[in-house]
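J.: can't give you the sequence, but here's the structure:
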């Protein structure tokens, strides 16, 4: 027998436990997939351990940026890698004519004319249909229903255009529905008032958070078995999923951090790679003569000391860096990863895309406010520059890769 054949045979029949230990040391999903290509025996071990790998490390991958294809087709989108600074040939069957209302755990959200939400996994082609988050009558009257607190402020919610795509500002899912088919939660910020609702498998309808008290929500995150959300004033609320109130079984909501004196154009909640909950505030400037032109001028990042919750409201401690993390913000579910594990990923930096939505006007001229912000130095850089021909297309969005097939 030739030596090469013998070596191939020896490698192929390494003990499964040893192969599983090697797989556990891998970080990148692409390396995991390549591991299974070596031979049929290794592929079997890969598929046997796939669910465990994705549950442990699937949410800590570097996301791709979904961008227009080189030939500008409106039926597909391409994937751009910020670590390799390249556009992949692989394309996803996702129309570029429709705004996406969220990206979470490798799934995308779209809003139908009925105001139903659809989850789409562009890597596998799987879809999940959710009930309408609002009906047409509610859409027509919702702007008149909110009793604005004069101490909080007034805002104009008069819609210029009936654009269903924009009626869900952002939707996220707590886990991959394939990995946790009966144990995931969809949270959505909806309507021009930016109120909050959530949905769980088995529910017949959405559960709504008091929209007279909690509105202008900017971001939502599933953190430590509960839903956390932050609004325009950096006020943070927690939806306690373990406590339901009254016969309606409405979720118990508490304010865990009060509003601040300064408002910000966008606010986010992100879980760091170490498990801390971070508040991110984003400032922008606008061209008063052109609604299409706005530009990010900086970010502030705060760590929330939730362990002090029992003694009172948690403290916000401003961070001068991200402890080596890289952060990805936009229309996606906000992500933090440890940059040291990913060559080509800049530590202490925020990779951001344009997710600004005006309350009453959505100009059809694309979103171009993309870049990298270094929290330590306060400097800016670039990751992907849109071609001017893409101005009419919806904004780019970050998406986590998932594995194809069963």
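T.: Looks like it arrived, so ask away. Since this is a predicted model, take the numbers as computed values, not measurements. Numbers count the residues shown, from 1 in each chain.
J.: can you show me the strands along the stretch 1-150 of the chain?
T.: Counting by DSSP state E, counting those that start in this stretch, the stretch 1-150 of the chain has strands at residues 64-67, 77-81, 86-92, 103-104, 107-111, 116-120, 127-132.
J.: could you report the neighbour count for the residue nearest to residue 293 when sequence neighbours are not counted?
T.: Leaving aside its sequence neighbours, residue 293 sits nearest to residue 287 (C-beta to C-beta, 6 or more residues apart in numbering; 3.8 Å). All C-beta spots, glycine's among them, are computed from the backbone N, C-alpha and C. Using other C-beta atoms under 10 Å, residue 287 is surrounded by 10 other residues.
J.: beta partners for residue 287?
T.: Note on residue 287: beta-bridge partners by DSSP bridges are residue 290.
J.: so of the strands of the stretch 1-150 of the chain, which one's packed in deepest?
T.: Mean neighbour count (mean count of other C-beta atoms under 10 Å) peaks for strand 103-104 among the strands of the stretch 1-150 of the chain, with a mean of 26.
J.: re the thing from before, pretty sure the residue nearest to residue 293 sits against residue 368.
T.: No - assessed by C-beta atoms under 8 Å, residue 287 is found out of contact with residue 368, at 12.0 Å.
J.: could I get the strands of the stretch 1-150 of the chain as a markdown table with mean pLDDT and distance to residue 177?
T.: Output for those, formatted as a markdown table (pLDDT from 0 to 100; distance: least, C-beta to C-beta, whole Å):
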| stretch | mean pLDDT | distance to residue 177 |
| --- | --- | --- |
| strand 64-67 | 90 | 20 |
| strand 77-81 | 88 | 21 |
| strand 86-92 | 82 | 18 |
| strand 103-104 | 95 | 10 |
| strand 107-111 | 94 | 7 |
| strand 116-120 | 94 | 7 |
| strand 127-132 | 95 | 6 |
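J.: looking at those, which is nearest to residue 234?
T.: strand 103-104 (22.3 Å; C-beta to C-beta).
J.: and the closest one, what does it pack against?
T.: When contacts are defined as 3 or more C-beta pairs under 8 Å, 6 or more residues apart in numbering; DSSP states H and E, strand 103-104 packs onto strand 168-173, strand 397-399.
J.: let's have those strands in CSV, adding distance to residue 236 and mean neighbour count.
T.: Converted to CSV, the helices and strands packed on strand 103-104 look like this (distance: least, C-beta to C-beta, whole Å; neighbours: other C-beta atoms under 10 Å):
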stretch, distance to residue 236, mean neighbour count
strand 168-173, 16, 25
strand 397-399, 23, 25
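J.: residue 201: which of those is closest?
T.: Taking the helices and strands packed on strand 103-104 one by one with C-beta to C-beta, strand 168-173 is closest: 10.8 Å.
J.: and after that closest one, which helix or strand comes next?
T.: Next in sequence after strand 168-173, counting helices and strands by DSSP states H and E, comes strand 186-190.
J.: contact partners of that following strand?
T.: 101-102, 109, 117, 119, 130, 133-134, 167-174, 195-200, 206, 217-220, 222, 227, 229 (C-beta atoms under 8 Å, 6 or more residues apart in numbering).
J.: relative to strand 127-132, how tilted is it?
T.: Put simply, strand 186-190 runs at 50 degrees to strand 127-132, going by axes from the mean of the first three to the mean of the last three C-alpha atoms, to 10 degrees.
J.: elements contacting the helix or strand just after strand 186-190?
T.: For strand 186-190, the following helix or strand on the C-terminal side (DSSP H and E) is strand 195-199. Applying 3+ C-beta pairs under 8 Å, 6+ apart, we find strand 195-199 packed against strand 186-190, strand 207-208, strand 217-223, strand 226-231.
J.: could you dump those strands to CSV with mean neighbour count, mean pLDDT and distance to residue 398?
T.: As requested, these are exported to CSV (neighbours: other C-beta atoms under 10 Å; pLDDT from 0 to 100; distance: least, C-beta to C-beta, whole Å):
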stretch, mean neighbour count, mean pLDDT, distance to residue 398
strand 186-190, 26, 96, 17
strand 207-208, 17, 92, 27
strand 217-223, 23, 96, 14
strand 226-231, 22, 96, 19
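J.: out of the ones you listed, which is closest to residue 274?
T.: Nearest of the helices and strands packed on strand 195-199 (C-beta to C-beta): strand 217-223, 13.0 Å.
J.: show me the helices in this protein, by range?
T.: 3-12, 16-25, 29-37, 40-57, 136-141 (DSSP state H).
J.: ok, residue 335 - contacts?
T.: By C-beta under 8 Å, 6+ apart, residue 335 lies in contact with 59, 63, 270, 327-328, 398, 400.
J.: and which of these is nearest to residue 346?
T.: Set against residue 346, the nearest of those by C-beta to C-beta is residue 327 (10.4 Å).
J.: the residue nearest to that closest one when sequence neighbours are not counted: neighbour count?
T.: Excluding the flanking residues, the one nearest residue 327 by C-beta to C-beta, 6+ apart is residue 350, at 4.6 Å. Counted with other C-beta under 10 Å, residues neighbouring residue 350 total 27.
J.: report pLDDT for residue 350.
T.: Residue 350 carries a pLDDT score of 98 in this model.
J.: ditto for residue 332
T.: For residue 332, the model assigns a pLDDT of 95.
J.: what residues are up against it?
T.: Contacts of residue 332 by C-beta under 8 Å, 6+ apart are 63, 102-104, 353, 397-399.
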